[in-house]
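Just to be clear, the model below is a prediction. Sequence and coordinates:
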Amino acid sequence: QVQLVESGGGLVQAGGSLRLSCAASGRTFSAPAMGWFRQFAGKERDFVAAVSWTGERTTYADSVKGRFTISRDNDLNTVYLQMNSLQPEDTAAYYCAADLAFNSVVRGTPKYWGQGTQVTVSS
């Protein structure tokens, strides 16, 4: 099993920045690919970004390209999501995810999920 714990959410004004963190524990070697998703109120969870174990491979949703950056520190078993130029439409619950396969994260079918952290962007 892999446990994922997100942190770093909060309230920020439009145009501001936040950095989310996701700390992984347990059998992390079984889920090297990691990513972030977000869920708007009353909607399904959407893919935001994914990163491979080495960090060399990343992919982003079109809506966040150029504003969000995913990265990881494997020594700390932590993945980050740097979010810049935040807008009210970025308000959502953000979830960390992990899986053995990178494509499983991108497709939205990762094996492991965190509990989520709320991001609220005020106008």
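Here it is on my side, so go on.

residues in contact with the residue nearest in space to the middle of the chain?
Taking CA atoms, centre = their mean, the centroid of the chain lies closest to residue 36, which sits 2.2 Å from it. Residue 36 is in contact with 20, 22, 48, 49, 50, 70, 79, 81, 94, 95, 96, 97, counting by CB atoms under 8 Å, 6 or more residues apart in numbering. For the C-beta atoms, the positions are set from N, CA and C on the backbone; glycine is no exception.

What is the nearest of these to residue 58?
Nearest to residue 58 among the contacts of residue 36: residue 70, at 5.6 Å, using CB to CB.

The closest one - nearest residue in space that isn't next to it in sequence?
residue 49 (4.0 Å; CB to CB, 6 or more residues apart in numbering).

what's the next secondary structure element after whatever helix or strand the one you found lives in?
Using DSSP states H and E, residue 49 maps to strand 45-51. Later in the chain than strand 45-51, the nearest helix or strand by DSSP H and E is strand 58-60.

What's the first helix or strand after that following strand?
strand 68-73.

strand partners of that following strand, parallel vs antiparallel please.
Within its sheet, strand 68-73 is paired with strand 78-83 (antiparallel), according to DSSP bridges.
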